[in-house]
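# make a model of this:
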Amino acid sequence: DGIDKDECKDDSGLWETSTGAEFGKANLEKLKDYIAKTIDSHNEKPKEFIICAACVYQDGQSYANGPTNVETGFVIAGRRHNNCIATFAKMYGFPYSPIAKNIHNTEVQGFLTNTNRFVTRHEALMIATAANQLILGEGNQNLGLFSEDLY
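So this is what the prediction gives:
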């Protein structure tokens, strides 16, 4: 179960080796607690939580390695939704061509989760609430989750 804190030079319980830092007993216990909190003990699946803002744009194409529930179109992720929109503008140039306008008009704002799903603002609010991620208040029940509710 790891090394003892007494075997470490550092009070944090980390022990640095030639291959990197190893967990000491204190840090190993913290890691076990964190894992226990993020695993649903009933079915051993990770608890879902929000990781970042994202927008889905429909261009009718399929892409590898996207969120598991997005069959066509592409996803742009960012810290906030305006980062996603700015990336779209960089990709297609601004002002938008007629094709770019058509794609931009399909935009759906939402979030990505740790289980590789894209979720709408409303579903994201439910997930973030269940995962105890909201930093202020209860979010906006009418509009859904905003990244400002998280960080």
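
# distance of the most centrally placed residue in the chain relative to Gly110?
For the chain, the residue sitting closest to the mean C-alpha position, by C-alpha atoms, centre = their mean, is Ile51 at 1.4 Å. Ile51 sits 12 Å away from Gly110, going by C-beta to C-beta, to the nearest Å. (Glycine included, C-beta is placed from N, CA and C.)

# can you pull out the helices in this protein?
25-38, 81-92, 98-104, 121-130 (DSSP state H).

# among those helices, which gets the worst mean confidence?
The minimum mean pLDDT among the helices of the chain belongs to helix 25-38 (a mean of 64).

# which other helices and strands does the lengthiest strand in the chain contact?
Under DSSP state E, the strand in the chain containing the largest number of residues is strand 50-57. If contacts are counted by 3 or more C-beta pairs under 8 Å, 6 or more residues apart in numbering; DSSP states H and E, strand 50-57 sits against strand 74-78, helix 81-92, strand 108-113, strand 118-120, helix 121-130.

# and of these, who's closest to Asp59?
Relative to Asp59, the nearest member of the helices and strands packed on strand 50-57 by C-beta to C-beta is strand 74-78, separated by 6.5 Å.

# name the surrounding residues that touch the closest one.
52-57, 59, 61, 63, 66-67, 84, 86-88, 112, 118 (C-beta atoms under 8 Å, 6 or more residues apart in numbering).
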